[in-house]
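A.B. asks: quick one, structure for this:
(chains A and B)
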Amino acid sequence: MTEFDPKIKYKHLAKIGPNVLQCIACGDCREQTDYTADPPRWGVCVAKDHTSGFEPFFARGKMQIIRSLWQGKLDLSKEMAEVIYQCPTCNTCAEACAYDMDNVALYEALRAELVDAGCGLEAHVPMNKAMVELLNPYERDNKLKSNWLEKLDFEVKDASKEQAEILYYVGCTAALTPDIENVAVNTAQIFKKLNLDFSVFGEHEVCCGSVAMRTGDRKSFNTVATKNYELFKKSGVKTIVTSCAGCFRTLKKDYADHMEDLGITVYHTIEFLNKYFNDNDVQLKNLGLNATYHDPCHTGRHMGLYEEPREILKKIANLTEMKTIKQSAKCCGAGGGVKKGFPELALEIAKSRVKEAEETGADILVSICPFCYRNLSDAIKASNSNLKMIDLTDLINQALD
Amino acid sequence: MIKISKVKEAYSEIESIVGEDYITDKDFMKAAYSRNVDPAFPDRWADMIVRPETTEEVSEIVKIANKYKIRMVPRGGGADLVGGSVTEEGILIDLTRMNQVIEFNKDDYYIVVGCGITWGALISHLHPTGYTTGVIGPGSGFAATIGGGLSNSTAGGGSTKYGLVPDICLGVEAVLPNPEGTIIRTGSAANKYAKPFCRYGVSPDFTGLFMGDVGTMGIKCKAFLRLFPDPPYKQARMYVLEKEDYNKIFELSHKIRFEINEGLRDLSVLPAIMVQFQLAPQYKQRTGTQLKGKGPLMNITIEAMEESTLDLKLEKLAKIMENDAERVPGSFIREDLDDEPKFGYDLEGTFHFFQASISPMPAQISMATCHKIPISHMGQVYDKIVDFSKKNAAKMGAGTIYPGIFASMLYFLPNGNYVVLGGVGGKNIEGEREKNMENWHRKIRHQVRYGGAHYWLGESISQSVTEAGAFTPEYEQLFRDMKKTVDPYYLLSPNKFHLHTYDSKFKDYYVEEED
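C.D. replies: Residues are numbered from 1 along each chain as shown, chains lettered A, B, ... in the order given. Okay, the predicted model is just below:
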């Protein structure tokens, strides 16, 4: 009988290194309400708050599970996966932790172990399969990714055929969801108004693989990542701009090695535009709207993009902040495969975020992530709220008129 | 070993009380509840974990546990440093669903909360109202629960003025671990016609039975807590003493106590070794300023209802300290603090200070040895602690943090005693646990034998108190009789104090004095 070696059995966790056993189990990730923090914290974990709340629903329990696996006291199981996947990987727990822990990296590694052991969530299988086979996780014909371009009254360069200074990477959600395609339309119209030279891949755009990375399907992720690497290399692009928070995190962080290799800089649209507006002294019209802003986890806690959207939004509208913002902002509940795996949970979490937005008295709820847009829109509808969900690109487009 | 069939039957009955979502016996769930914050206890897996929402549900669980003779351990925030909220076998009762503010009575200065509410949540709830609980939670952090603070008799921010956590408790609603799952309310609420507005005057102080009991006498479900007006003006001052002289600290603290009186909110001392080897070099590197004093640092927070009163108190303090200490700015201890910090620390700082102190290097975790001693014994106790540390340095091994240190901090309480905060370090790995536990118990027994009263007891420290022979036979008998009255089958937290059965004897666990 061979001796148990966690580094061999759990190769994804092994890559994390000593952090695997770093948690001391203090529980600050369970509940950290702190009016003195900047920004104030009002609780930590949305998954814990909207489930039965047992320890594995928040960080400390997951860390103890990882410890037990590592010590050979526990086996991976489908039952475990049912709980582990009810986390939107928002990373608020890492913000609450005294140590420099990359909790999301740990959760994703644990999910990768679950998938490799055949314990992944069934609901995610068709999504990741479609991502590889159809190049999008929505199980739709990728040709539909060009549909939004018909809403434009100008031509956009095809990145497969001609080079431009900027590649606008649209992302599957905005390209394939009719209710959200405005994000793509507005982004393109803004670029046009600013006379920026940009291109899109349209129907040839390959999913960034965020959903596979977040749900632990490393094989599928690597497949699309390699395809994108080849696509980007062939196009010769040096600047990628995306309006999707998930794509932004994936391209900039998970593809970091690829991007460095190709000399590509990745921006979120809002990051790019804020710099552009400041550098070129572009004036934005105040639309007189009462707005509040939702920080997407993938731009915020994952990537540190907090001030840029606010800087723009304050010029366009009257911004009233929610109770939890920036590092402490409550997640919308859609990420980490929760919307696909546990849609009711995703909706419940989003409803509480909508309630928080309503408490500001704002008329519009603004964000910069098509996936948050989708989930929060669902929650607004389900809550019969009077709030209107708007992507910041929509307001910028109006403010440039 | 409990029969599996009994556990299954109990599980099924409890499930019918709390619902299937709030009970589990899955292995991965048990693993998630298997550890506290210490490097000494082995992983311990409960037979089941249950998350009740109401006192009545807890009562039903207790009845079922009695029916099948299954042990129970209550658990609050699980931030326990002393092995108190984990169990090998039995039912682990996670009380954190009971986290509501039930009644906030501004007029009569009390608040009723579920014992599973955290200190952070309670303080943040009260802050905008201008009220405070005075003592604002234990050293285990603001994610710890009120119930845990009461069970462990802990102190925390504000304790120099307001006392220990039990000192702000007016009564509790608790479930006795007997076959009837009896629910009782203590303090004035024991009078069925009365509100929970005061602690004494109805009967003997049965609230005290549940204070510092480390969950052995009952399961606290609701707490009735005192409220105070929160003085809006607070300032911290830090002074480094000329030399390391703990008799001088005793003298100065005495003067501060008398002359500043009720304005004194917090008084703590960082030992010279930490000031001189850690803070002073960092401060010099940041500011280029060389510290003159060679002694410990006194950190004093003063509060007042009016700004002019605060100024007067601060002047008095300066006068007391002028001949013996050098004043340093807040940034001396924490870079982001103002020169004249409004509070000395905030919740976030305290969250992280605690965590960083418990495990400065996450491969190691400190085994808490915090205990209270009389202020006048400060000099003698310093000698004893340092002597013990030197003698035992080899046994403590490489896992020990600060082998020769007196304490990580001294924290003053209202009535002539102070807490020596500290710990024995241990590597947080499987192969070291037994040795860690042995070192921990030895250190605690030593502290008990020089007269220390501990800060929290949990399982490890309560057992060490018994092992040191602290209790007289008469006291032991009373303790056993009281335990039997509330818990005839000894099912609740049976490992604590080595109080496993009515017939077992503490002397069976006695350990001879080692040094």
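
A.B. asks: per-residue confidence at the residue nearest to residue B:495 when sequence neighbours are not counted?
C.D. replies: Spatial nearest neighbour of residue B:495, excluding adjacent residues (CB to CB, 6 or more residues apart in numbering or on different chains): residue B:459 at 5.2 Å. Backbone N, C-alpha and C define where each C-beta goes, glycine included. On pLDDT, residue B:459 comes in at 95.

A.B. asks: distance of residue B:459 relative to chain A?
C.D. replies: Relative to chain A, residue B:459 is positioned 15 Å away (CB to the nearest CB, to the nearest Å).

A.B. asks: name the helix or strand for residue B:372, please.
C.D. replies: Taking DSSP states H and E as the criterion, residue B:372 maps to strand B:371-374.

A.B. asks: packing partners for that strand?
C.D. replies: On a contact count with 3 or more CB pairs under 8 Å, 6 or more residues apart in numbering or on different chains; DSSP states H and E, strand B:371-374 meets strand B:417-421, strand B:453-454.

A.B. asks: out of those, which comes closest to residue A:216?
C.D. replies: strand B:417-421 (42.2 Å; CB to CB).

A.B. asks: let me see the mean pLDDT of that closest one.
C.D. replies: 88.

A.B. asks: paired strands for it, with orientation please.
C.D. replies: strand B:371-374 (antiparallel), strand B:409-412 (antiparallel) (DSSP bridges).

A.B. asks: most tightly surrounded among those strands?
C.D. replies: Sort these by mean neighbour count, taking mean count of other CB atoms under 10 Å in any protein chain shown, and strand B:409-412 sits at the top with a mean of 24.

A.B. asks: quick check: mean pLDDT of it?
C.D. replies: Rounded mean pLDDT across strand B:409-412 is 88.

A.B. asks: shouldn't residue A:207 be within a helix?
C.D. replies: No: the assignment for residue A:207, made by DSSP: H, G, I helix; E, B strand; the rest coil, is coil rather than a helix.

A.B. asks: what separation do you get for it and chain B?
C.D. replies: 31 Å.

A.B. asks: still on that earlier bit, which outside residues touch the strand holding residue B:372?
C.D. replies: Outside strand B:371-374, the residues that touch it by CB atoms under 8 Å, 6 or more residues apart in numbering or on different chains are B:381, B:413, B:416-420, B:444, B:447, B:450-455.

A.B. asks: 7 Å - rerun?
C.D. replies: B:381, B:413, B:416-420, B:447, B:451-455 (CB atoms under 7 Å, 6 or more residues apart in numbering or on different chains).

A.B. asks: for ChimeraX, write a command that selects the buried ones of these.
C.D. replies: Of the contacts of strand B:371-374, the buried ones can be selected in ChimeraX as follows, counting by 16 or more other CB atoms under 10 Å in any protein chain shown:
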select /B:381,413,417,418,419,420,447,452,453,454,455
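
A.B. asks: follow-up on the earlier one: who touches the residue nearest to residue B:495 in this structure?
C.D. replies: B:82-84, B:495-496.

A.B. asks: go again with 6 Å.
C.D. replies: Contact analysis of residue B:459 by CB atoms under 6 Å, 6 or more residues apart in numbering or on different chains lists B:83-84, B:495-496.

A.B. asks: state the pLDDT value of residue 202.
C.D. replies: Going with chain A. At residue A:202, pLDDT is 97.

A.B. asks: the chain in question should be chain B.
C.D. replies: Per the predicted model, pLDDT is 95 at residue B:202.

A.B. asks: how about residue B:272?
C.D. replies: For residue B:272, pLDDT reads 89.

A.B. asks: likewise residue B:515?
C.D. replies: pLDDT, residue B:515: 59.

A.B. asks: domain ranges for the chain, per the record?
C.D. replies: Assuming you mean chain A. A:6-116, A:124-274, A:285-399 (automatic domain parsing).

A.B. asks: try chain B instead
C.D. replies: Chain B breaks down by automatic domain parsing into domains covering B:4-94, B:101-229, B:233-345, B:360-458, B:467-509.

A.B. asks: start to end distance for the shortest one?
C.D. replies: Taking CA to CA, to the nearest Å, the span from the opening residue of domain B:467-509 to its closing residue is 5 Å.

A.B. asks: which of the domains of chain A comes out lowest on mean pLDDT?
C.D. replies: domain A:6-116 (a mean of 93).

A.B. asks: show me how far that one is from its chain's centre.
C.D. replies: 18 Å (CA atoms, centre = their mean, to the nearest Å).

A.B. asks: just to revisit the earlier point, can you flag the weakest of the domains of chain B by average pLDDT?
C.D. replies: Here the domains of chain B differ in mean pLDDT, and the lowest is domain B:360-458 at a mean of 83.

A.B. asks: how about the closest residue to chain A within the stretch 151-300 of chain B, nearest residue that isn't a chain neighbour?
C.D. replies: With CB to the nearest CB, the shortest gap between the stretch 151-300 of chain B and chain A falls at residue B:157, namely 11.4 Å. In this structure, residue B:157 finds its nearest non-sequential neighbour in residue B:136, 4.5 Å apart by CB to CB, 6+ apart.

A.B. asks: quick check: the one you found is in a helix.
C.D. replies: No: per three-state DSSP, residue B:136 lies outside any helix segment and is coil.

A.B. asks: return the closest of the contacts of strand B:371-374 with respect to chain A.
C.D. replies: The closest of these, once distances to chain A are taken by CB to the nearest CB, is residue B:455, at 16.9 Å.

A.B. asks: look up how far residue A:305 lies from the residue nearest to residue B:495.
C.D. replies: 46 Å (CB to CB, to the nearest Å).

A.B. asks: contacts for the helix or strand that contains residue B:435, please.
C.D. replies: Assigned by DSSP H and E, residue B:435 belongs to helix B:433-449. For helix B:433-449, contacts defined as CB under 6 Å, 6+ apart pick out B:39-40, B:42, B:367, B:369, B:371, B:388, B:396, B:424, B:426, B:460-461, B:464-465, B:467-468, B:470.

A.B. asks: now the angle between strand B:417-421 and it, please.
C.D. replies: Interaxial angle of helix B:433-449 relative to strand B:417-421 (axes from the mean of the first three to the mean of the last three CA atoms, to 10 degrees): 160 degrees.

A.B. asks: helix, strand, or coil at residue B:237?
C.D. replies: strand.

A.B. asks: and the closest residue to it other than its chain neighbours, what are its bridge partners?
C.D. replies: Leaving out its chain neighbours, the residue that sits closest to residue B:237 by CB to CB, 6+ apart is residue B:300, at 5.1 Å. Beta-bridge pairing for residue B:300 (DSSP bridges): residue B:237, residue B:267.

A.B. asks: ok, residue B:300 touching residue B:267?
C.D. replies: Yes: at 5.3 Å, residue B:300 and residue B:267 qualify as touching, with contact defined as CB atoms under 6 Å.

A.B. asks: of the two, which one has the most company?
C.D. replies: The neighbour comparison of residue B:300 against residue B:267 (other CB atoms under 10 Å in any protein chain shown) goes to residue B:300, with 28 against 24.

A.B. asks: could you measure from that one over to residue B:327?
C.D. replies: Distance from residue B:300 to residue B:327, by CB to CB: 10 Å.

A.B. asks: next one: residue B:31
C.D. replies: Note on residue B:31: its distance to residue B:327, by CB to CB, is 51 Å.

A.B. asks: just give me the neighbour total for the residue nearest to residue B:157.
C.D. replies: 23.

A.B. asks: now for it: which residues touch it?
C.D. replies: B:123, B:156-158 are the contacts of residue B:136 under CB under 6 Å, 6+ apart.
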